[in-house]
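**Q** Compute the structure for the input listed below.
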Amino acid sequence: MAIAWMYREDYDRAGYAVLPPGRARVPFVVWQTILPLVALVMASLLPVVMGNAGLLYGIGALCLDGAFLYYGAQFAFQRTASSARRLLLASILYLPPLLLLLTFA
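**A** Got it, this is the predicted structure:
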């Protein structure tokens with residue numbers, strides 16, 4: 001959603017319907033930002049619940065999830081280019097440490 005929001009005018013000019021037009025655009029962006037993040041948090045904690053990862057992974061995953069959720073909520077409520085860039089950066093930086101924690105913790 002961050003990329004779609006940052007380049008929405010370019011997509012519109014090119015004729016690509018990445019985001020819905022008009023009033024439906026903002027609620028769509030909010031829901032498509034928050035719901036997948038909540039699902040990701042639940043999925044990242046699943047190894048702890050299933051007993052496949054330890055407490056260190058769980059704590060690390062919660063910290064990473066909290067940061068990712070923070071940037072996602074910030075983007076969902078502000079919808080600025082700078083908050084979209086921060087969310088994009090958070091999405092890039094989220095997965096490698098999570099996988100390292102899962103591997104080594």
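**Q** Contacts only, for the spatially most central residue of the chain.
**A** Relative to the mean C-alpha position of the chain, the nearest C-alpha, by CA atoms, centre = their mean, is the one of residue 37, at 4.9 Å. By CB atoms under 8 Å, 6 or more residues apart in numbering, residue 37 lies in contact with 68, 69, 72. Backbone N, C-alpha and C define where each C-beta goes, glycine included.
**Q** now those residues in TSV, with distance to residue 41 and neighbour count?
**A** Formatted as TSV, the entries for these read as follows, by distance: CB to CB, whole Å; neighbours: other CB atoms under 10 Å:
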residue	distance to residue 41	neighbour count
68	8	21
69	7	16
72	10	25
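**Q** which one among the residues you listed gets closest to residue 103?
**A** Within the set of the contacts of residue 37, residue 68 lies nearest residue 103; the separation is 19.1 Å, counting by CB to CB.
**Q** ok, and for the helix or strand the closest one falls within, which residues are buried?
**A** Mapping residue 68 onto the secondary structure by DSSP states H and E places it in helix 55-78. Applying a neighbour-count criterion of 16 or more other CB atoms under 10 Å, the buried positions in helix 55-78 are 57-58, 60-61, 64-65, 68-69, 71-76.
**Q** Report all helices and strands that it contacts.
**A** Judged by 3 or more CB pairs under 8 Å, 6 or more residues apart in numbering; DSSP states H and E, helix 55-78 is in contact with helix 25-49, helix 81-104.
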